[in-house]
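Chemist: Predicted structure and sequence below. I'll ask about it afterward.
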Amino acid sequence: MSKRILATASILALTVFHGQAAPIDQLIAAATGTNFAYARLARLCDTFGPRFSGTTNLEAALDWILAEMKRDGLDNVHGEEVSVPHWVRGAESAELLSPRRRSLPMLGLGGSIGTLRSGITAEVLVVTNFADLRARPQDAQGKIVLVNQPFTSYGETVQIRYHAATEAAKAGAVASLIRSVTPFSIQSPHTGMMDYSNDIPKIPEAAITVEDAEMMARMQQRGQKVIVRLTMGAATLPDAPSRNIVAEVSGRESPEDVVIVSGHIDSWDVGQGAMDDGGGAVAAWEAVRLMRALGLRPRRTVRAVLWVNEENGLAGAKAYERLHKEQMGHHVLAIESDSGVFRPTGFSFVGSESALASIKQFAASLKQIGAEPVTAGESEADVGELRQDGVPTLGLRVDGSRYFWYHHTQADTVDKLDPRELGQCVAAMAVMAYQAADADAPLPR
């Protein structure tokens, strides 16, 4: 279906509902009545591809978004300048040389240093976890350490990705490999951010697939010598200019008071960044577009923010907090979607008990799409930067059963998402933002 047909269908849907139902019902019906948001996300992802910080892909996508938001008739459309890290992957490869030759699917980890052009060829030591490595440091000298830790939860297992290079370097290793942070794999390596310790030598780090990590563990158990050649052209360049994107529906009574609805527009440099987090960014954008199209102008301003550089630095959220520091007292609530736009199941809230009670009342209207549960929990990364100023935060929760299958891989593409589920995510975010913005009083802190 063409974009023009989708847009026409959307307008017809809005015409039917406008003036005949409460604003909440209008928003839900409009969000779930067409595939407009999905079509816009697909065009973004197909046209510009991955949107990694420091790339022309990202900046071209931001230009397009700004132009589209102006065509949508949104208020105060602009970019806010941010200086972002600029890490480049370069040419990279990993090859098993012994006990047989095999090209290993791999992805260097963000922030890693590269190797010499000739690469690093060394025997591999497979360990199960950091405790296993620390128990046998003499075995790691001069080797490539592979940490083959199975996935439990993302929060726990991702610590391997962050710290494997440092732990391996402490033991005298020349490079580090990790089993990709995922519960499911079809020979799919997963990238993501890693970190170094300032007082430990830096060594290259990359992720390989679950299948190959398990294979090398079996080889080692049989007493076979495992030798790998790792080549990485990774480098960190000077910071690059970029922008957060802002667009609003201005409040009719207290426009200085703001409810943020958001997602991060940057992605890793693989796949399309459809799930992480193009879908969340488009859902936030669509929430304010629908308010504008329906003629719904709440008491307070609803501001869509598309953050940059969530993936490898949070520079966008940090810059926003600094730029708007004096207005943080007028930020009523900050909502973010950054867990994929699968079927919405509720929200995670961080704020006062009294504010939580109000949020639960707002969410009751989402029972029809199964998104009404609200629990106290953790902030999403970008809006979490506003917590230091006391801003309450709300994170959209979704069915996460498949999220980490595709997370930070070449397979994060539009086809993994369902238009109906994306529409439900739009509805959930729009309804919560509108009610917080239109309530008689701001949420208590």
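Modeler: Arrived safely.
Chemist: can you give me how far stretch 318-325 is from the chain middle?
Modeler: When C-alpha coordinates are averaged (Cα atoms, centre = their mean, to the nearest Å), stretch 318-325 and its chain have centres 20 Å apart.
Chemist: ok, now which ones touch the nearest residue to Ala430 once chain neighbours are set aside?
Modeler: Once flanking residues are discounted, Ala430 sits nearest to Ala287: 3.8 Å by Cβ to Cβ, 6 or more residues apart in numbering. (Glycine included, C-beta is placed from N, CA and C.) Neighbouring residues of Ala287 by Cβ atoms under 8 Å, 6 or more residues apart in numbering: 31, 261, 302, 304, 426, 429-430, 433.
Chemist: what's the answer for Gly377, then?
Modeler: 348-350, 395.
Chemist: all helices of the stretch 101-250 of the chain, in order?
Modeler: Using DSSP state H, counting those that start in this stretch, the helices of the stretch 101-250 of the chain run over 130-134, 154-170, 210-221.
Chemist: okay if I get the ones you listed as TSV plus mean pLDDT?
Modeler: Putting the helices of the stretch 101-250 of the chain into TSV (pLDDT from 0 to 100) gives the following:
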stretch	mean pLDDT
helix 130-134	97
helix 154-170	98
helix 210-221	98
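Chemist: of those helices, which approaches Ser267 most closely?
Modeler: helix 154-170 (17.0 Å; Cβ to Cβ).
Chemist: Using PDB, list the CA coordinates for that closest one.
Modeler: C-alpha atoms of helix 154-170 as PDB (Å, rounded to 0.1, in the frame of the first residue of the first chain):
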ATOM      1  CA  TYR A 154      20.500  -9.200  29.600                       C
ATOM      2  CA  GLY A 155      21.400  -7.200  32.700                       C
ATOM      3  CA  GLU A 156      23.600 -10.000  34.000                       C
ATOM      4  CA  THR A 157      25.100 -11.400  30.800                       C
ATOM      5  CA  VAL A 158      25.900  -8.000  29.200                       C
ATOM      6  CA  GLN A 159      28.500  -7.500  31.900                       C
ATOM      7  CA  ILE A 160      30.700 -10.100  30.000                       C
ATOM      8  CA  ARG A 161      30.500  -7.800  26.900                       C
ATOM      9  CA  TYR A 162      31.500  -4.700  28.900                       C
ATOM     10  CA  HIS A 163      34.400  -6.200  30.800                       C
ATOM     11  CA  ALA A 164      35.800  -9.200  29.000                       C
ATOM     12  CA  ALA A 165      38.700  -7.300  27.400                       C
ATOM     13  CA  THR A 166      39.800  -5.900  30.700                       C
ATOM     14  CA  GLU A 167      39.600  -9.200  32.500                       C
ATOM     15  CA  ALA A 168      41.400 -11.000  29.700                       C
ATOM     16  CA  ALA A 169      44.100  -8.300  29.500                       C
ATOM     17  CA  LYS A 170      44.700  -8.600  33.300                       C
END
